[in-house]
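Trainee: Predicted model and sequence below, questions to follow.
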Amino acid sequence: MEFSLKKQALANALQIVSKAVAVRTPKQVLMGILIEVHEDEIVATAYDLELAIQTRVPVSEDTGLSVQQTGAIVLPARYFGDIVRKLPDTEIHMRVDANYMTEISAQSVEFHLHGIDAEEFPELPNFMGYEGMQIPANTLGRLIESTVFAAATSEVRPVLTGVSITSSPTHLTFVATDGLRLAQHQVPQADLPERQVVIPAKSLSELSKILPEDETPVEMVLTPSHGLFIIGPTRFYTRLLEGTYPDTSRLVPRSARTHVVLDGDAFLHAIDRAALIARDKDNHMVRLEVTGDTLTVTSHSPEVGNVSETLGALRKEGEDLQIAFNGRYVIEAVRALDASEISIRFNGANQAFVIERSGDPSMLQLISPILWRS
Amino acid sequence: MGVTTANGRFEGAMGLPEALVRRLRAGELWHAVLLVGEPSQAERAARWLAQALLCEAPRSDAPCGSCRSCAQFSAGSHPDFWASGEEGLKAGDVEALQAWLATKGHGPRKVYALHGADEMTPVAANRLLKTLEEPAPGTYAILTAKSRQSVLSTLRSRSFTCLLSASPPFLSTDPSSISVVARAASAEDPSFAGFMERVIEWTETWLRGGATPWEMAASWQSIAKDVPAEGGLLLLAEWLRELMRVRAGGQAERFANWQEAARRIAPILEVEQYAACVQAVMEARLRLQSHVALLLNLEQMCVRLREVTTSW
């Protein structure tokens, strides 16, 4: 195996795939990056057996790639990445000698790195015969960002550590819940095959980091056991979670005893300030009192002190209310909505409340209140 | 096809009981199996069983060793196989396993092996209960342990115990003896101080026929009173293996400090006799795990040793 290419092209490829390198494993080969050299491209792959990222660097003027001899090698990610990053910003030449010893050189620098036989690298899952669906990268990124934070972090119910993805012929829906809050985002999307899968939230967070912030089409392929996202030259593979995702459709209340519309930023800042006083052991409890068109946000802690802030509602319908909730949940929910005007629907102090963008039901955040004695 | 031996074990199946191998071949293996035997043997058996379960071309002599799954398994990168416990099993290992089990497998089966189930921390063992109790379809657990009794009873009750047949002791050195021999050779370990010299003296007395088996047993109990019973017998078996090696014309390697004694004693018996003696000692060591009085066990061992030296 022998090739040369511009440092930046190789460094970019390694940076993309390095997110899927296994960190703590007795299997040496999983802590490496597979480099496969073909006549017209090189392919870099990392795979920790749960998540795989593969990216291609084609022969072109931009990449400066020229292949002298095809072949494949697995190189330890930690050293390989650091070496490439610290090499001079010129053309890099790589060659594999006998016994998997790999020479990496640029100008007068010459590294020799012990590699591993590429045959030992695990095979990626096969997606042949499965129908894909196209989604713009920024839409997918938004779907992930607005839901992934609500997935459970504890393994008590493993299926809740994932995000449920449902595609119907007209809509694509992402749902995440940890049992105390729920985030749902639905976008209209034509010609989708019908599927329902649960993808680990961790994987989607990693995916969102490599998604471009434009309308680049992302092809999403879902099989009964794996998900594949193709973003230009990069392929992102993830395992799916076992188990049946709970039916969340009946959790969202349709009616409201109190309906408030208010400025999103003002509400977010008020809760953010109140959360400064709210303590972890009290579940970051923040209280909200709705009286007429006025909202009062308060929080107090016997050891720290207290805070009170008054906000004016843009509109208010229904009865007055006093409710307590986890300030952090509300902050994350309102941030995810990213709206100038938000609408909150309450059903009394003991029922979960819904936060939406005002006039836009496609995205909703459902949060359980904290029960308390006034 | 594996051959059934007289004691109902399948050769080529790492000493696994025939009933288990038959169930495996029929696709009716229990969801959780506890393999009890020497750690290295149990680990090999667990790997064999896992590879057979994951083999894509299961034939009568599965694992085939040539399919894609077997190739990945041999390379240590099979995505549907999980193993831990080589350095002890803690709660964190069980949590990591549970997170892995929550994801879907590449193939129809997922297998996990937990080594040293008898040495798990209580917290780890209790965390594992639910996982063992409610296995997902196509998920198989293989636990290994040195001693069945040391495994938490709630784990035992949730798995099917299989005792592995002891491999012929003269075929290979037991890896677990390495640390015991090292301790005996080290002058710093007070419990083993001077133990090897007493073992050599005891061996010479026995081989020269200077004492009855009962006296030999009592003498062994006395000289080995400061060392763990299992460790003492393991060291004796290793010492006899060393004598066998020297008798066969080799050099004393593991007991290099006692080279001269080994050369002096080795010619007394033939190689086959030493092999039979090692077997007798290893059987006595195995009996330590059952409810047999120590002295009675040692007397039985010494009677066998005497038979070997006199009747061949």
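Mentor: The structure has been received and is ready for your questions. Residues are numbered from 1 along each chain as shown, chains lettered A, B, ... in the order given.

Trainee: Next, count neighbours for the nearest residue to residue B:121 once chain neighbours are set aside.
Mentor: Distance criterion Cβ to Cβ, 6 or more residues apart in numbering or on different chains; nearest residue to residue B:121, sequence neighbours excluded, is residue B:90 at 5.5 Å. (Glycine included, C-beta is placed from N, CA and C.) If you count neighbours by other Cβ atoms under 10 Å in any protein chain shown, residue B:90 ends up with 16.

Trainee: tell me the contacts of residue B:90?
Mentor: B:120, B:121, B:123, B:124 (Cβ atoms under 8 Å, 6 or more residues apart in numbering or on different chains).

Trainee: Give me the local confidence score for the first one.
Mentor: In the predicted model, residue B:120 carries a pLDDT score of 88.

Trainee: same deal with the one 5 residues further on?
Mentor: On the pLDDT scale, residue B:125 is placed at 88.

Trainee: Assign a three-state SS to it, would you?
Mentor: helix (DSSP: H, G, I helix; E, B strand; the rest coil).

Trainee: so it makes contact with residue B:156?
Mentor: No. The pair residue B:125 and residue B:156 fails to qualify as a contact (Cβ atoms under 8 Å) at a distance of 10.6 Å.

Trainee: Not including adjacent chain positions, what is the nearest residue to residue 71?
Mentor: All of this refers to chain A. Residue A:71's closest residue in space is residue A:1 (Cβ to Cβ, 6+ apart), at 2.8 Å.

Trainee: you looked at the wrong chain, it should be chain B
Mentor: Among residues not flanking residue B:71 along the chain, residue A:119 sits closest, at 7.7 Å (Cβ to Cβ, 6+ apart).

Trainee: What residues does residue B:70 make contact with?
Mentor: B:51, B:54, B:55, B:56, B:63, B:64.

Trainee: partner strands of the worst-scoring helix or strand of chain A on mean pLDDT, parallel or antiparallel?
Mentor: Sorting the helices and strands of chain A by mean pLDDT, DSSP states H and E puts strand A:132-136 at the bottom, at a mean of 90. Strand A:132-136 pairs in its sheet with strand A:217-222 (antiparallel), by DSSP bridges.

Trainee: Give me the next element, helix or strand, following the strand it pairs with.
Mentor: strand A:226-231 (DSSP states H and E).

Trainee: Helix, strand, or coil at the residue lying closest to residue A:213 once chain neighbours are set aside?
Mentor: Sequence neighbours aside, residue A:138 is the residue nearest to residue A:213 in space, at 5.7 Å (criterion: Cβ to Cβ, 6+ apart). Per three-state DSSP, the secondary structure class of residue A:138 is helix.

Trainee: Can you tell me how far residue A:138 is from chain B?
Mentor: In this view, residue A:138 and chain B are 28 Å apart by Cβ to the nearest Cβ, to the nearest Å.

Trainee: Same check on residue A:334?
Mentor: The value you get for residue A:334 to chain B, if Cβ to the nearest Cβ is used, is 30 Å.

Trainee: Check residue A:321 too.
Mentor: Applying Cβ to the nearest Cβ to residue A:321 and chain B gives a distance of 39 Å.

Trainee: Same question for residue A:111.
Mentor: 25 Å.

Trainee: same check, this time on residue A:22
Mentor: Relative to chain B, residue A:22 is positioned 10 Å away (Cβ to the nearest Cβ).

Trainee: Any chance of the backbone angles for that residue?
Mentor: Residue A:22 adopts backbone torsions of phi -70, psi 140, taken as degrees, to the nearest 10.

Trainee: Where does pLDDT dip in chain B?
Mentor: Across chain B, the ranges flagged by pLDDT under 70 are B:1-14, B:58-62, B:166-176, B:187-188, B:312.

Trainee: the helices in it, which residues?
Mentor: B:18-25, B:39-54, B:68-74, B:91-101, B:122-133, B:153-156, B:177-185, B:195-207, B:213-223, B:229-247, B:259-265, B:271-287, B:294-311 (DSSP state H).

Trainee: packing partners for the last one?
Mentor: Right, helix B:294-311. Here helix B:294-311 touches helix B:195-207, helix B:213-223, helix B:271-287, going by 3 or more Cβ pairs under 8 Å, 6 or more residues apart in numbering or on different chains; DSSP states H and E.

Trainee: circling back to that earlier point, am I right that the residue nearest to residue A:213 is in contact with residue A:208?
Mentor: No. Using Cβ under 8 Å, residue A:138 is not in contact with residue A:208; the gap is 10.8 Å.

Trainee: Throw the helices of chain B into a markdown table and include distance to residue A:326, thanks.
Mentor: Putting the helices of chain B into a markdown table (distance: least, Cβ to Cβ, whole Å) gives the following:
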| stretch | distance to residue A:326 |
| --- | --- |
| helix B:18-25 | 51 |
| helix B:39-54 | 44 |
| helix B:68-74 | 45 |
| helix B:91-101 | 25 |
| helix B:122-133 | 27 |
| helix B:153-156 | 36 |
| helix B:177-185 | 53 |
| helix B:195-207 | 64 |
| helix B:213-223 | 67 |
| helix B:229-247 | 56 |
| helix B:259-265 | 73 |
| helix B:271-287 | 59 |
| helix B:294-311 | 62 |
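
Trainee: Report the contact partners of the closest residue to residue A:240 other than its chain neighbours.
Mentor: Counting by Cβ to Cβ, 6+ apart, residue B:104 is the residue found nearest to residue A:240 once chain neighbours are left out, at 4.6 Å. By Cβ under 8 Å, 6+ apart, the contact set of residue B:104 is A:224, A:225, A:226, A:239, A:240, A:241, A:242.

Trainee: And for the last one, the neighbour number?
Mentor: Residue crowding around residue A:242 was assessed by other Cβ under 10 Å; the count is 19.

Trainee: one step back: quick one: the residue nearest to residue A:71 and residue A:75 touch, right?
Mentor: No. Counting by Cβ under 8 Å, residue A:1 does not reach residue A:75; the two are 11.0 Å apart.

Trainee: Identify the contacts common to the two.
Mentor: Shared contacts of residue A:1 and residue A:75, defined by Cβ under 8 Å, 6+ apart, are found at residue A:35.

Trainee: thinking again about what came up before, include distance to residue B:300 and pLDDT when you put the contacts of residue B:104 into CSV, please.
Mentor: As requested, those are exported to CSV (distance: Cβ to Cβ, whole Å; pLDDT from 0 to 100):
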residue, distance to residue B:300, pLDDT
A:224, 58, 87
A:225, 55, 89
A:226, 58, 92
A:239, 54, 93
A:240, 58, 94
A:241, 56, 93
A:242, 52, 89
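
Trainee: Of those residues, which is the nearest to residue B:47?
Mentor: Ranked by distance to residue B:47 (Cβ to Cβ), the contacts of residue B:104 are led by residue A:239 at 22.9 Å.

Trainee: Who does the nearest residue to that closest one once chain neighbours are set aside form a beta bridge with?
Mentor: Spatial nearest neighbour of residue A:239, excluding adjacent residues (Cβ to Cβ, 6+ apart): residue B:103 at 4.1 Å. Counting by DSSP bridges, residue B:103 is bridged to residue A:241.

Trainee: for chain A, what are the nearby residues on the stretch 151-300 of chain B?
Mentor: Residues of the stretch 151-300 of chain B lying close to chain A (Cβ under 8 Å from any Cβ of the partner chain): none.

Trainee: Show the model's pLDDT score for the residue nearest to residue B:71.
Mentor: 86.

Trainee: Pull the number of nearby residues for it.
Mentor: Neighbour number of residue A:119 under other Cβ under 10 Å is 12.

Trainee: correct me, but it touches residue B:75?
Mentor: Yes. Counting by Cβ under 8 Å, residue B:75 is a contact partner of residue A:119 at 6.9 Å.
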